[in-house]
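Visitor: got a predicted structure here, sequence first:
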Amino acid sequence: MRILVLIAIGLLLYVIIGSLLRRNRTVPPKSIAGKMVKCKHCNLHILEQEALRLGDDYYCSKEHLESDK
Ligand SMILES: [Zn+2]
């Protein structure tokens, strides 16, 4: 019976340590290219290259660009 408890504890530690290691690995890579800009309408952050630009302002979608005109 005691061996089952030891196996259970071992599995628990394995799962906990595994999830901790995985969490450390999900740190965003610094190599993401492109500058982040903020949609003037909804404050959503988007990549500059994907944003719609109107003068000095950026928008996440055509709808938000149109609604702020
Ligand atoms: Zn928006």
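Guide: Cool, the structure landed.
Visitor: next, give phi and psi for Ser61.
Guide: Dihedral angles phi and psi of Ser61 (degrees, to the nearest 10) take the values phi -150, psi 160.
Visitor: span of stretch 60-69 from start to end?
Guide: Taking C-alpha to C-alpha, to the nearest Å, stretch 60-69 runs 14 Å from one end to the other.
Visitor: quick check, it touching the ion?
Guide: Yes. Against the ion, stretch 60-69 shows contacts by C-beta under 5 Å from the ion at Cys60, His64. The C-beta positions use only the backbone N, C-alpha and C, and glycine is treated the same way.
Visitor: flag every residue of the protein that's near the ion.
Guide: Cys39, His41, Cys42, Leu44, Cys60, His64.
Visitor: what about the last one, distance to Ile16?
Guide: Distance, His64 to Ile16, using C-beta to C-beta, to the nearest Å: 43 Å.
Visitor: go on, the third one?
Guide: Plainly put, Cys42 is 39 Å away from Ile16 if you go by C-beta to C-beta.
Visitor: so for the two, which sits in the more crowded spot?
Guide: Comparing Cys42 with Ile16 by other C-beta atoms under 10 Å, the one with more neighbours is Cys42, at 13 against 10.
Visitor: I figured the more buried one hits Glu63, correct?
Guide: No. Proximity of Cys42 to Glu63 does not meet the contact threshold set by C-beta atoms under 8 Å, at 9.9 Å.
Visitor: just give me the neighbour total for Asp68.
Guide: Using other C-beta under 10 Å, Asp68 has 13 other residues around it.
Visitor: actually Cys39, sorry about that
Guide: For Cys39, the tally of surrounding residues (other C-beta under 10 Å) stands at 19.
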